[in-house]
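Participant: Just the structure for this:
(chains A and B)
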There are 2 protein chains.
Amino acid sequence: MMNKGRLYGVGVGPGDPELITLKALRLLRSCPVVAYQSADDKESIARGIVAEYLPGNQIEVQYHLPRALDPYAAQPIYDEVVIPIQEHLAAGRDVVVLCEGDPLFYGSFMYVFTRLSDHFETEVVPGVSSPMGCASALAVPLSYRNDVFSVLPAPLPAEVLEAQLLNADAAVIIKLRRHFTKVRDVLHKLGLASRARYIERGTMANQRVVSLDDMDPSQVPYFSMILVPSKSHL
Amino acid sequence: MMNKGRLYGVGVGPGDPELITLKALRLLRSCPVVAYQSADDKESIARGIVAEYLPGNQIEVQYHLPRALDPYAAQPIYDEVVIPIQEHLAAGRDVVVLCEGDPLFYGSFMYVFTRLSDHFETEVVPGVSSPMGCASALAVPLSYRNDVFSVLPAPLPAEVLEAQLLNADAAVIIKLRRHFTKVRDVLHKLGLASRARYIERGTMANQRVVSLDDMDPSQVPYFSMILVPSKSHL
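Facilitator: Below is the predicted model of the structure:
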């Protein structure tokens, strides 16, 4: 009987190609199939991060998981999307799925993982996550000692964000885009705006740091984040 | 005038030597001075992670920041501890400070950073953080979509841990050691014990996964963690 292929979920880090791990590099160079998520009309961010390392002789599989779908409506679509990856694995080919940041932390890899990891040997390779990448890019210590640190998605209602920020010593707010103004208003209301730092495309070649109040809310890209670092700086 | 050296805070990841970044590897091989934190009587964990990559001709600086000190009592001690690093930088030698996980996320590097970054050019290289390393080692998706994710230090009082766990969709609990029983009791009380996963030395060669209720509370090492992954698995 033919051996099945192995599934690798590989974090490629926050954007700087030099921030991938040695293990990620080994696997993405040696696997016969490389898969990545991207919208149909756009280049894959994850593939762009590692493009310089790809040997050029691999099968590439692009898949698209629409982001904003209701979880229940999304299920049959995701079931279908992973079929090409499943077919390569069934045919005995190892597949590396490239993931921005870390594969198991707010990533689209989860939808591949939950569908295929019961059927194929699966290994996950962690990556540098964007909160840590952005903190380093800004040279801002995030959290100390017994701080409570929270990751807060900006689509949450203003009152939830407010309560969560009051509960945390340090936080990062992700998925900003059209929620930027709401988030900025909450930070001002809580007196946190002066401590908060906005960064977009942290560690990427086109990284940009703008002060919170100078930011044009209509120009916030997906890869942006607000850090609210801990105040204990001893 | 002689140029001052540059200070590099370099994350070496959660334990598996293959989980360091290409940038970390380049810097720790090329800098004339490598510094790391360790208790006087113990080997440095961070140095152990990268030992195989060190060229063998570097100056090594060991420093010890006692963990449990009151922040105010700690200040003069930390001021003194960083002096050898400061002297190398002043003499024009670049210094890499090795940091387990990520340098700006609950790390001892902060105390070096806050004392020296105003006086010397400083660059921070993010690393794979232990929550992500442990999630990958357990192959457990941590957080999805609009989940609130929190990092909770176990020394916090039981009622604080309880409130924070109720506020979060997913969490990791760090710094367990002698607080293990308190944390386990809180997880049972909240009905989270069946979802929680205990792991020690995640991604290291001596990694160990034990079910929460089988764990001997007197045997919990510093490098241990409880993950409470999100329940939305779609």
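
Participant: hey, where'd the helices end up in chain A?
Facilitator: All helices of chain A, identified by DSSP state H, fall at A:22-30, A:45-50, A:71-81, A:83-90, A:109-116, A:130-138, A:158-167, A:180-189.

Participant: does any part of the first one sit near chain B?
Facilitator: Put plainly, it is helix A:22-30. Yes. Using Cβ under 8 Å from any Cβ of the partner chain, helix A:22-30 reaches chain B at A:22-23, A:25-26. No exception for glycine: its C-beta is placed from N, CA and C like everyone else's.

Participant: From these, list just the buried residues.
Facilitator: When those are checked for burial by 16 or more other Cβ atoms under 10 Å in any protein chain shown, the buried set is A:22-23, A:25.

Participant: Report the spatially nearest residue to A:Val220, omitting neighbours in sequence.
Facilitator: Spatial nearest neighbour of A:Val220, chain neighbours left out: A:Phe180 (4.6 Å); criterion: Cβ to Cβ, 6 or more residues apart in numbering or on different chains.

Participant: again with A:Leu19
Facilitator: Nearest to A:Leu19 is A:Gly13, by Cβ to Cβ, 6+ apart, at 3.8 Å.

Participant: Touching, that neighbour and A:Ile20? I think so.
Facilitator: Yes. Applying Cβ atoms under 8 Å, one finds A:Gly13 in contact with A:Ile20, separated by 5.2 Å.

Participant: where's the residue nearest to A:Ser224 when sequence neighbours are not counted relative to B:Met110, distance?
Facilitator: Spatially, and ignoring its direct neighbours in sequence, A:Ser224 is nearest to A:Glu200 (3.9 Å; Cβ to Cβ, 6+ apart). Applying Cβ to Cβ, to the nearest Å, the value for A:Glu200 to B:Met110 is 25 Å.

Participant: more crowded one of these two?
Facilitator: B:Met110 (25 against 20; other Cβ atoms under 10 Å in any protein chain shown).

Participant: ok, back up a step: between A:Gly13 and A:Ile20, which contacts overlap?
Facilitator: A:49, A:127, B:21 (Cβ atoms under 8 Å, 6 or more residues apart in numbering or on different chains).

Participant: among the residues you listed, which ones are buried?
Facilitator: Buried members of these, counted by 16+ other Cβ under 10 Å: A:49, A:127, B:21.

Participant: A:Gln164: neighbouring residues, count only.
Facilitator: Neighbours of A:Gln164 (other Cβ under 10 Å): 20.

Participant: what's the closest non-adjacent residue to it?
Facilitator: The nearest residue in space to A:Gln164 (Cβ to Cβ, 6+ apart) is A:Leu152, at 5.3 Å.

Participant: Kindly report the same for A:Asp79.
Facilitator: A:Asp79 sits nearest to A:Arg115 (Cβ to Cβ, 6+ apart), 6.6 Å away.

Participant: neighbours of that neighbour, just the number please.
Facilitator: 18.

Participant: Wait, it touches A:Glu80, no?
Facilitator: No. In this structure, A:Arg115 is not within contact of A:Glu80 by Cβ under 8 Å, at 10.2 Å.

Participant: quick one: least confident helix or strand in chain A?
Facilitator: helix A:71-81 (a mean of 84; mean pLDDT, DSSP states H and E).

Participant: Using CSV, list the CA coordinates for that helix.
Facilitator: The C-alpha coordinates for helix A:71-81 follow below in CSV (Å, rounded to 0.1, in the frame of the first residue of the first chain):
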residue,chain,number,x,y,z
PRO,A,71,-18.7,30.1,10.5
TYR,A,72,-21.6,27.8,9.7
ALA,A,73,-22.0,29.1,6.1
ALA,A,74,-18.3,28.7,5.7
GLN,A,75,-18.1,25.0,6.5
PRO,A,76,-19.1,23.4,3.1
ILE,A,77,-16.9,26.0,1.3
TYR,A,78,-13.9,25.2,3.4
ASP,A,79,-14.6,21.4,2.9
GLU,A,80,-14.3,21.9,-0.8
VAL,A,81,-11.3,24.3,-0.6
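
Participant: Show me where chain A dips below the pLDDT cut-off.
Facilitator: A:1, A:40, A:67-68, A:232-234 (pLDDT under 70).

Participant: domain assignment for it?
Facilitator: A:7-125, A:130-228 (automatic domain parsing).

Participant: Tell me which of the helices of chain A sits most buried.
Facilitator: The highest mean neighbour count among the helices of chain A, using mean count of other Cβ atoms under 10 Å in any protein chain shown, belongs to helix A:130-138: a mean of 27.

Participant: could you give the angle of that helix to helix B:130-138?
Facilitator: Here helix A:130-138 runs at an angle of 140 degrees relative to helix B:130-138 (axes from the mean of the first three to the mean of the last three Cα atoms, to 10 degrees).

Participant: Which other helices and strands does helix A:130-138 contact?
Facilitator: When contacts are defined as 3 or more Cβ pairs under 8 Å, 6 or more residues apart in numbering or on different chains; DSSP states H and E, helix A:130-138 packs onto strand A:170-174, strand A:197-200, strand A:224-228, strand B:122-125.

Participant: Neighbouring strands - and their directions - for the first one?
Facilitator: This means strand A:170-174. Strand A:170-174 has the following strand partners under DSSP bridges: strand A:149-153 (parallel), strand A:224-228 (antiparallel).

Participant: ok, now the last one?
Facilitator: As defined by DSSP bridges, the strand partners of strand B:122-125 come to strand B:7-11 (parallel).

Participant: before we move on, the earlier item: with distance to A:Val61 as extra columns, can I get the shared contacts of A:Gly13 and A:Ile20 in JSON lines?
Facilitator: Output for the shared contacts of A:Gly13 and A:Ile20, formatted as JSON lines (distance: Cβ to Cβ, whole Å):
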{"residue": "A:Ile49", "distance to A:Val61": "17"}
{"residue": "A:Gly127", "distance to A:Val61": "19"}
{"residue": "B:Thr21", "distance to A:Val61": "26"}
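
Participant: Present the domains of chain A as JSON lines; the columns should include distance to B:Tyr222.
Facilitator: Output for the domains of chain A, formatted as JSON lines (distance: least, Cβ to Cβ, whole Å):
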{"stretch": "domain A:7-125", "distance to B:Tyr222": "23"}
{"stretch": "domain A:130-228", "distance to B:Tyr222": "14"}
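
Participant: picking up where we left off before, OK, contacts around the residue nearest to A:Gln164?
Facilitator: Residues in contact with A:Leu152, defined by Cβ under 8 Å, 6+ apart, are A:161, A:164-165, A:171-174, B:148.

Participant: how close does it get to A:Ser117?
Facilitator: 28 Å.

Participant: Repeat that for A:Phe149.
Facilitator: In terms of Cβ to Cβ, A:Phe149 sits 28 Å off from A:Ser117.

Participant: More neighbours: which of the two?
Facilitator: Neighbour tally, A:Phe149 and A:Ser117, criterion other Cβ under 10 Å: the higher count belongs to A:Phe149, 26 against 16.

Participant: pretty sure that one is touching A:Leu165, no?
Facilitator: No. Applying Cβ under 8 Å as the test, A:Phe149 and A:Leu165 come out as separate, 11.8 Å apart.
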